[in-house]
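Visitor: For reference, the sequence and a predicted model appear below.
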Amino acid sequence: MSRRRKNQRSGENCSESGILDERILVLVFESMNWDPHVLCKVACVSHKLRAVARRVLWRELCVSRAPRMVGALISSAPSGRVGGGWHALAKLFFFCCGCVSSRHFRVDRTLPGHFVGASRFSKTSGKSFLARKCWGDLLYVSDPCEHEMGPDEDDIGVYRGVFSAFMKSRTRACLIKRQVELEAHVRCPYCGARVWSMTAARLVPQSAWKRLGSHNGRLEYFVCVNGHLHGNCWLVPLSSDDDYDDDGNDLDGDDVGVNGKVRRGA
Ligand SMILES: [Zn+2]
Ligand SMILES: [Zn+2]
């Protein structure tokens with residue numbers, strides 16, 4: 001009996017030293033250039049693989065796609081962790097959450113979320129979404145994903161972002177000080193946590209709608225308790241010479257692509 005148990009145990013160890021070995025999994029995914037589709041599937045295979053993915057693989061994928069941004073996000077986080085976990089950050093990199101009607105942003109129909117091949121996240125853009133008193137915070141925001149609504153309506157822009165060290169941020173302190181209530185019917189599409197409406201908090205600066213090419217009062221964004229941002233706006237049709245400022249600063253952000261780090265101009 002004892003020998004049988006011993007054999008069973010050694011069999012388990014054997015399997016764990018194979019596909020469940022973190023080092024081997026890292027090498028396998030490196031060889032696949034950290035394909036997020038494959039990683040999603042692998043994380044669904046078993047609880048153990050899901051745990052390895054959450055502990056190691058999602059982080060490695062995020063680092064491989066956005067090394068500067070990830071470095072900045074964790075530089076002020078003492079434990080080197082990101083709010084909501086690495087799987088939530090990876091989802092934020094690759095998933096546009098679409099649009100659902102909310103208290104301050106009404107739409108006739110829901111726009112479903114979808115996978116995004118490549119996005120640009122920048123802290124210059126992020127700063128536009130911060131009230132002046134919160135400019136000390138570090139926030140990355142993506143360019144808006146444009147959704148066509150039909151010939152008689154403006155397009156909707158969907159954008160997303162993430163704070164560095166949100167627990168210590170001025171934005172969070174401001175929300176707490178103003179006793180802004182968490183939204184009853186909206187959840188973060190990336191980590192599932194509860195969110196604050198920045199419109200309800202009166203923390204949407206002019207620079208946000210200017211940055212998006214929208215109009216005052218025609219946008220809404222939410223920040224979750226883990227520091228993820230998601231929002232929508234009505235986009236004003238732009239003429240070719242009407243483009244909003246392109247800071248052109250390559251050191252400012254990261255271009256995140258499904259197939260790897262996107263090289264600008266390549
Ligand atoms: Zn989209
Ligand atoms: Zn979140």
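Guide: Now that the structure is in, tell me what you want to look at. Note that this is a predicted model, so its numbers are computed, not measured. Residues are numbered from 1 along each chain as shown. Ligands and ions are numbered 1, 2, ... in the order given.
Visitor: can we go C-alpha only for contacts and neighbour counts from here?
Guide: Noted.
Visitor: looking at it, residue 257 is touching residue 65, isn't it?
Guide: Yes - judged on C-alpha atoms under 8 Å, residue 257 makes contact with residue 65 at a distance of 6.7 Å.
Visitor: And those two? Which one has more around it.
Guide: Set residue 257 next to residue 65 and count neighbours by other C-alpha atoms under 10 Å: residue 65 wins out with 23 against 19.
Visitor: got a list of what the more buried one touches?
Guide: Each residue near residue 65 by C-alpha atoms under 8 Å, 6 or more residues apart in numbering is listed here: 255-257, 260-261.
Visitor: Would you reformat those residues as TSV and include pLDDT, secondary structure and distance to ligand 1?
Guide: What follows is the contacts of residue 65, written out as TSV (pLDDT from 0 to 100; DSSP: H, G, I helix; E, B strand; the rest coil; distance: C-alpha to the ion, whole Å):
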residue	pLDDT	secondary structure	distance to ligand 1
255	83	strand	16
256	82	strand	15
257	76	strand	15
260	73	strand	20
261	67	strand	20
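Visitor: okay, those residues in a markdown table with distance to residue 123 next?
Guide: Below are the contacts of residue 65 laid out as a markdown table (distance: C-alpha to C-alpha, whole Å):
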| residue | distance to residue 123 |
| --- | --- |
| 255 | 12 |
| 256 | 14 |
| 257 | 18 |
| 260 | 20 |
| 261 | 17 |
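Visitor: All the strands of the protein, residue numbers only.
Guide: 95-96, 114-115, 118-122, 139-142, 145-147, 156-163, 195-197, 219-224, 228-234, 253-257, 260-261 (DSSP state E).
Visitor: picking that back up, among the contacts of residue 65, name the buried ones.
Guide: Among those, those scoring as buried are 255-257, 260-261 (criterion: 16 or more other C-alpha atoms under 10 Å).
Visitor: Verify the contact between residue 42 and residue 49 for me.
Guide: Yes - if you go by C-alpha under 8 Å, residue 42 and residue 49 touch, sitting 6.8 Å apart.
Visitor: Name the residues contacting each of the two.
Guide: By C-alpha under 8 Å, 6+ apart, no residue touches both residue 42 and residue 49.
Visitor: of those two, who's got more company?
Guide: Per other C-alpha under 10 Å, whichever of residue 42 and residue 49 has more neighbours is residue 49, with 20 against 13.
Visitor: Run through the residues that contact the more buried one.
Guide: Going by C-alpha under 8 Å, 6+ apart, residue 49 touches 20, 42-43.
Visitor: give me that answer again for 6 Å
Guide: Residue 49 sits next to residue 43 when contact means C-alpha atoms under 6 Å, 6 or more residues apart in numbering.
Visitor: State the number of residues packed around the residue in the stretch 1-150 of the chain positioned nearest to ligand 2.
Guide: The nearest approach of the stretch 1-150 of the chain to ligand 2 comes at residue 84, 6.0 Å away (C-alpha to the ion). Neighbour count for residue 84, taken as other C-alpha under 10 Å: 17.
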